[in-house]
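Chemist: return atomic coordinates for the entry below.
(chains A and B)
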Amino acid sequence: MKLTPNQQAMLDGQQGWPFQIAMRMLTAVGRALDAPDLIPVTSTHLVIDGTALGEAGRDFLERLVAEGGRFAIPASINAIAVDRTKQDMTKEERDQIRMLEACEKMGALPSCSCNPFIQGIQPGFGEHVAWSESATAPYVNSVLGARTNREGATAVASALTGLTPRCGMHVDQNRHGKVLIQVDADITGADRYSLLGALAGRLAGDRIPVLDGVGKTPSIDEYVAFGAAFAIHGSVAMFHMSGITPEAPDLAIAFGVNAVPGPVIIDDHTLEAERLETAGGDAGPVDVVSIGCPHASIDQMRAAATMVGRSGGAKTGDTVFYIHTNRSTFDTADGEGLIDILTGAGARVTADNCSVVSYDRVTAGARLATNSAKMALFAKSVSDAEILFGSTEQCIQAGLTGVWKD
Amino acid sequence: MSRKFKGHGLVGGIAEGAALVTSDGIAFNLGVDETTGIVIEAGHPLKDASVAGRVLVCRSGKGSTAGSFSLLQLAERGLAPTAIVNIQADAVVTAGCVLADIPLVHRLGTDIAEFATGTRLRVDGDAGTVKVLL
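Modeler: As a prediction, this is how the structure comes out:
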């Protein structure tokens, strides 16, 4: 790899250990993926949840601070394992806060959300960035037309150096489609887009898909739901929706250097089969309802409050009803009086975290209802949950009555 | 006569150990228990095997990018592989090996089937070589 004199100096340790370890990570990854050089990036998004980092990760971040590490570019933070306002934290939860504080000392914005887009954090078209959290990459690349690979610890390295290897999504022809998915169904609502995303992710695998036939431009909430499920069911960082997303005005341009292949069809039958695949449980009592994966927007909070008001009653029984969101949306919702309505009806509105990354794990084998294919997959693999899947409205009804109705 | 393979070194250092071989990938986050070093992924060919102290020979890393920190956690507990050999290294394992100081070599130009679980290997991450020890 070609390095500039300044980059070589950082790699040689002349600016101290934090920048040296960052450059070691970036150059090793660059060599692994045949990147010719490093390019500048203008923002990062960091995954620092304690369940993934552990004490080793905490020590690493604190050592970066102690030895002079400072972020060269804006860094937002992903959902963490605890609500920052929680009283009586466990040791692991306090460690999580230490990890967050270490990042803040290096210059990060403690946004603590898997949905930074509703917090106003949105890279621009063509902007090269280095973001972690797989759910964000499809939105960044496909909806915004900015450019990021699916970063991990390398995002911390990019935050320190302002650099990333020139490979993957940073290169034009790697962004061209290879799989054609014909959508022959009306898709509306976060849950349906989540199923579509899961299906598209699995059909795509490691090749960028182009979806044709999506009837109207999805809302932010629908795109976010799609992207999260897409990223967790496949390994690519990007999709196209022909005639809708910015790098796909038509099929030919979306496929770029690649020939337009024959289509795979997704229709109402395939979506229903996907829903049954996602949800193994039958109607009946539920233990947990979890919506807000990714974090709920103010529109979704308002819709939830309206549905709660319409249903006319507070929650009965022991069902735990979570609505996950980020701090800024929580505060906005609070200002509108929505938190009082939702908590008054028995919902637990959480900020900063969620039932997947939280140390407050869902009980093994619990019956969990959700509108998110990503939440479903994680709850199944982490907690062996029995899943009920459906619309936001169905989930809210289950949250209030304690019973899932098909 | 001992055989030596030449590939590309990605993370330097010399380490030796008994090979643990799979043609599958390894997901260090959620696929390996970071408190025990044992492969826990359902249906994985190496399920219930421990990676601790082994030269892990596998296709590549896979799964969540959080796997880089999982490797660091394993190393802190003394449960990490002593070296990793991939057909094609991915960003997750590469970054994790840098963090955890684990020698990493890829692109040996040979089939994974060349290596047998239990064989002693010496990995040189600077030279990019893997030597089968007798």
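Chemist: alongside chain A, which residues does chain B contribute?
Modeler: B:8, B:10-11, B:29-30, B:34, B:62, B:64-70, B:72-73, B:75-76, B:88-92, B:94-99, B:104, B:106 (Cβ under 8 Å from any Cβ of the partner chain). C-betas here are computed from N, CA, C, even on glycine.
Chemist: mean confidence for the helix or strand encompassing A:D299?
Modeler: Applying DSSP states H and E as the criterion places A:D299 in helix A:298-311. Mean pLDDT, helix A:298-311: 91.
Chemist: mind saving the C-alpha coords of it as PDB?
Modeler: This file holds the C-alpha atoms of helix A:298-311, laid out as PDB (Å, rounded to 0.1, in the frame of the first residue of the first chain):
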ATOM      1  CA  ILE A 298     -40.900  10.700  16.600                       C
ATOM      2  CA  ASP A 299     -43.500   9.700  13.900                       C
ATOM      3  CA  GLN A 300     -43.500   6.200  15.300                       C
ATOM      4  CA  MET A 301     -43.800   7.500  18.800                       C
ATOM      5  CA  ARG A 302     -46.800   9.700  17.900                       C
ATOM      6  CA  ALA A 303     -48.400   6.800  16.100                       C
ATOM      7  CA  ALA A 304     -47.900   4.500  19.100                       C
ATOM      8  CA  ALA A 305     -49.400   7.100  21.400                       C
ATOM      9  CA  THR A 306     -52.400   7.500  19.200                       C
ATOM     10  CA  MET A 307     -52.900   3.700  19.000                       C
ATOM     11  CA  VAL A 308     -52.600   3.500  22.800                       C
ATOM     12  CA  GLY A 309     -55.200   6.300  23.200                       C
ATOM     13  CA  ARG A 310     -57.600   4.600  20.700                       C
ATOM     14  CA  SER A 311     -57.400   1.300  22.500                       C
END
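Chemist: direction included, what does the following helix or strand past that helix pair against?
Modeler: Next along the chain after helix A:298-311, taking DSSP H and E as the criterion, comes strand A:320-325. Sheet pairing of strand A:320-325 (DSSP bridges) gives strand A:288-296 (parallel), strand A:348-351 (parallel).
Chemist: mind giving me the packing neighbours of the longest strand along chain B?
Modeler: Determined from DSSP state E, the single longest strand within chain B is strand B:14-21. Other elements packing on strand B:14-21 under the criterion 3 or more Cβ pairs under 8 Å, 6 or more residues apart in numbering or on different chains; DSSP states H and E are strand B:55-58, strand B:83-86, strand B:120-124.
Chemist: so of the ones you listed, which one's packed in deepest?
Modeler: strand B:83-86 (a mean of 28; mean count of other Cβ atoms under 10 Å in any protein chain shown).
Chemist: so how many other residues sit close to the residue of the stretch 151-300 of chain A found nearest chain B?
Modeler: When scored by Cβ to the nearest Cβ, the stretch 151-300 of chain A has A:G152 as its residue closest to chain B, at 2.8 Å. Neighbour count for A:G152, taken as other Cβ atoms under 10 Å in any protein chain shown: 31.
Chemist: give the buried residues for stretch A:184-203.
Modeler: Neighbour-count burial for stretch A:184-203 flags A:185, A:187, A:189-201, A:203 (criterion: 16 or more other Cβ atoms under 10 Å in any protein chain shown).
Chemist: just these: which are in helices?
Modeler: Among those, DSSP state H puts A:190-201, A:203 in helices.
Chemist: any chance of these in CSV, plus pLDDT and distance to chain B?
Modeler: Listed next are those as CSV, based on pLDDT from 0 to 100; distance: Cβ to the nearest Cβ, whole Å:
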residue, pLDDT, distance to chain B
A:A190, 95, 23
A:D191, 96, 24
A:R192, 96, 26
A:Y193, 98, 22
A:S194, 97, 19
A:L195, 96, 22
A:L196, 97, 22
A:G197, 97, 17
A:A198, 96, 16
A:L199, 96, 20
A:A200, 97, 19
A:G201, 95, 14
A:L203, 95, 18
